[in-house]
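**Student:** what's the 3D shape of this:
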Amino acid sequence: MAANGTGLPMARKPLAKIVTDDKQGNGMCHDDSAKGVKAHTIDELHFLQKKRSAPTTPLEGNQGAFASLPDDERRRQQLQSISASLASLTRGTGPKVVRGDPAAKSSQAVEHVAHHHHHHVEAPAISVSDDSSLKFTHVLYNLSPAELYEQAVKYEKGSFITSSGALATLSGAKTGRSPRDKRVVMDDTTQNELWWGRGSPNIEMDEHTFLVNRERAVDYLNSLDKVFVNDQFLNWDPQNRIKVRIVSARAYHSLFMHNMCIRPTDEELENFGTPDFTIYNAGQFPCNRYTHYMTSSTSIDLNLARKEMVILGTQYAGEMKKGLFSVMHYLMPKRQILSLHSGCNMGIDGDVALFFGLSGTGKTTLSTDHNRYLIGDDEHCWSDYGVSNIEGGCYAKCIDLSREKEPDIWNAIKFGTVLENVVFDEHIREVEYGDKSVTENTRAAYPIEYIPNAKLPCIGPHPKNVILLACDAFGVLPPVSKLNLAQTMYHFISGYTALVAGTEDGIKEPTATFSACFGAAFIMLHPTKYAAMLAEKMQKHGATGWLVNTGWSGGSYGSGNRIKLAYTRKIIDAIHSGSLLNATYEKTDVFGLEIPTEIEGVPSEILRPENTWGDKKAYKSTLLKLGGLFKNNFETFTNYKIGKDTKLTQEILAAGPNF
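**Tutor:** Now for the predicted structure:
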């Protein structure tokens with residue numbers, strides 16, 4: 001296949017453009033917090049459900065910790081490393097571990113697979129003087145998707161192979177994240193470094209309580225006959241990748257992380273060494289509700305000093321993905337690398353665009369462009385070398401999914417993909433994507449190479465454009481505005497969109513929603529720090545900020561009309577091509593936004609919002625109302641200082657509404 005100077009494949013047939021139907025406001029952003037299922041047993045969930053290989057990481061010549069060791073010694077040290085990960089605090093040592101399935105029928109079967117390093121079996125050394133050594137744990141280490149399918153279907157009730165080849169499974173009573181049960185250890189370091197208090201997603205716990213929960217999780221995992229261990233990478237940037245180890249009790253969780261993290265080659269796995277961060281997923285086992293800081297039987301605990309995460313009381317796989325994203329939001333800024341909750345794509349000429357947006361703004365739709373290459377759909381880093389995807393896969397909402405509207409996602413749901421909490425026909429196993437019997441938050445997790453226009457490796461040059469998407473149901477923001485650096489920081493920190501309330505309770509007015517940095521649930525530092533880093537990188541590399549309204553025009557929701565997707569696509573195309581930089585601009589009142597007077601293919605009258613409103617007085621009062629909501633939200637951030645004074649904070653404040 002031919003390639004151009006960017007290393008991109010040129011010989012490809014473009015697919016039909018993806019159009020996302022977002023009537024419910026779902027599917028645009030990974031807002032996966034959800035209410036629990038109203039079912040009390042796995043049988044009830046099972047009833048609802050049945051109602052009707054690996055890219056290499058961009059490294060060459062890697063010399064890992066074990067590179068010069070003989071095979072036998074390397075395998076011994078790998079097992080020793082896993083045992084150390086599972087060490088109990090009270091006993092100080094980990095269990096005796098061997099590789100392989102304890103259900104293997106014969107030694108011949110074990111020998112047959114022992115040729116592969118990830119199945120190597122070593123006889124446990126049992127000491128009669130140490131009772132804990134009498135029990136040893138089988139480690140199923142970096143199994144392939146086929147092997148994980150077998151484990152899930154055989155041992156995990158509620159796991160089935162669907163007609164497309166994907167593995168359908170159940171996450172239990174929790175079908176979304178539990179943000180109120182997430183805890184972060186506050187110690188002498190994190191007390192000063194992290195963002196705590198009003199508006200922050202970080203809820204504190206102490207070291208002792210973390211260790212209590214860690215011991216509970218480790219004891220549970222050690223009590224099992226077998227555990228699944230994944231050693232994988234985060235971040236496609238070869239200079240800044242993170243080694244992670246995930247220890248879990250379910251094949252579903254192991255396959256999910258196999259898809260979502262970056263998959264090592266066999267050589268990289270042999271030389272993996274000690275992980276930089278470890279997850280203990282004991283989600284089937286609850287935390288003790290009487291333990292200090294616990295408010296339910298669920299707890300997701302981060303200890304940045306110990307480089308560990310403990311999961312108790314929830315089997316929802318997204319907790320692992322987003323927990324690691326929070327870790328990257330802490331680790332990367334320490335290296336002067338900006339972590340971003342955004343989509344990212346690249347044109348054939350190497351121009352990169354970042355897309356930020358909350359649920360319902362059109363982030364997925366607009367960042368999916370078959371004339372451009374997908375670097376990633378959700379989590380990225382911006383370093384001195386350019387942008388890189390943190391993950392090795394995609395986690396797409398699939399409620400109401402159809403082949404016609406979203407062919408890429410539809411075609412990605414095949415062998416190797418995990419389908420969470422979907423409903424399917426019991427006989428032919430065809431998934432009914434419109435069925436919400438289990439949850440509206442149905443998900444598909446698949447490797448990024450399942451998307452035909454994905455760029456591998458998932459890295460690109462410095463972005464030219466930073467696009468902030470807002471679905472303004474108040475109808476007063478322009479379809480597109482060019483932002484200066486201070487305005488980019490202000491709107492990035494604000495993270496605004498407006499949701500349309502449900503009609504069943506009689507509320508028809510839009511509701512403003514703000515999520516700092518367009519991902520408040522996952523950030524660790526104060527939002528102003530991320531915004532300052534964004535502005536610095538944009539200034540250094542010449543990127544332009546844009547605010548794009550994909551919401552209403554000519555009135556608020558109920559009286560105006562939503563801006564046509566065709567017009568928004570024309571706007572995005574003009575941003576990508578650079579033609580919008582050469583347009584003539586004029587300034588708006590209140591928000592002080594620079595708006596173009598003309599864009600090819602877009603009616604000029606809609607570019608200035610007040611032109612589309614029949615009632616100018618109503619427009620003005622609605623504009624002032626939205627400006628007031630922005631001001632009230634921003635009060636959370638006004639007391640934060642960057643540097644020795646409040647100069648930068650004042651500059652950002654001045655870029656907000658002025659009236």
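
**Student:** just how off-centre is stretch 543-562 within its chain?
**Tutor:** 26 Å (CA atoms, centre = their mean, to the nearest Å).

**Student:** And stretch 315-330, by the same measure?
**Tutor:** Stretch 315-330 has its C-alpha centroid displaced from the chain centroid by 7 Å (CA atoms, centre = their mean).

**Student:** could I get that stretch in PDB with only the CA atoms?
**Tutor:** What follows is stretch 315-330, C-alpha atoms only, in PDB (Å, rounded to 0.1, in the frame of the first residue of the first chain):
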ATOM      1  CA  GLN A 315     -18.000  -4.900  37.900                       C
ATOM      2  CA  TYR A 316     -18.500  -2.100  35.400                       C
ATOM      3  CA  ALA A 317     -15.300  -2.200  33.200                       C
ATOM      4  CA  GLY A 318     -15.300   1.500  32.500                       C
ATOM      5  CA  GLU A 319     -14.000   2.100  36.000                       C
ATOM      6  CA  MET A 320     -10.700   0.700  34.900                       C
ATOM      7  CA  LYS A 321     -10.500   2.800  31.800                       C
ATOM      8  CA  LYS A 322     -11.400   6.100  33.400                       C
ATOM      9  CA  GLY A 323      -9.300   5.300  36.500                       C
ATOM     10  CA  LEU A 324      -6.200   5.000  34.400                       C
ATOM     11  CA  PHE A 325      -7.200   8.200  32.600                       C
ATOM     12  CA  SER A 326      -7.300  10.000  35.900                       C
ATOM     13  CA  VAL A 327      -3.800   8.600  36.600                       C
ATOM     14  CA  MET A 328      -2.600  10.000  33.300                       C
ATOM     15  CA  HIS A 329      -4.100  13.400  34.200                       C
ATOM     16  CA  TYR A 330      -1.700  13.400  37.200                       C
END
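
**Student:** in the stretch 551-659 of the chain, which spans are strands?
**Tutor:** Using DSSP state E, counting those that start in this stretch, the strands assigned to the stretch 551-659 of the chain run over residues 552-553, 561-562, 585-587, 594-596.

**Student:** again, but for the stretch 201-350 of the chain
**Tutor:** Listed from the start of the chain, the stretch 201-350 of the chain has strands (DSSP E, counting those that start in this stretch) covering 204-205, 226-234, 242-248, 277-282, 299-303, 308-312, 338-341, 343-346.

**Student:** Which one, of the ones you listed, ends up nearest to residue 528?
**Tutor:** Counting by CB to CB, residue 528 lies closest to strand 338-341 out of the strands of the stretch 201-350 of the chain; the figure is 13.1 Å. Every residue, glycine included, has its C-beta placed from N, CA and C.

**Student:** What's the mean pLDDT across that closest one?
**Tutor:** When the per-residue pLDDT values of strand 338-341 are averaged, the result is 98.

**Student:** Show me the strands paired with it, marking each as parallel or antiparallel.
**Tutor:** Each strand that strand 338-341 pairs with, and the sense of that pairing, follows from DSSP bridges: strand 379-383 (antiparallel).

**Student:** Sort out which residues of stretch 226-246 are buried, please.
**Tutor:** Of the residues in stretch 226-246, those with enough neighbours to count as buried (16 or more other CB atoms under 10 Å) are 226-238, 240-246.

**Student:** Could you point out which residue ranges in the protein have low pLDDT?
**Tutor:** Along the chain, the model assigns pLDDT under 70 to residues 1-32, 34-36, 38, 50-68, 105-135, 501-508, 641-645.

**Student:** Domains in it, by residue range?
**Tutor:** Taking automatic domain parsing as the reference, the chain has its domains at 1-54, 66-141, 179-341+378-459, 462-654.

**Student:** Put together a markdown table for the strands of the stretch 201-350 of the chain, with distance to residue 383 on each row.
**Tutor:** Converted to a markdown table, the strands of the stretch 201-350 of the chain look like this (distance: least, CB to CB, whole Å):
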| stretch | distance to residue 383 |
| --- | --- |
| strand 204-205 | 30 |
| strand 226-234 | 14 |
| strand 242-248 | 13 |
| strand 277-282 | 19 |
| strand 299-303 | 23 |
| strand 308-312 | 24 |
| strand 338-341 | 8 |
| strand 343-346 | 13 |
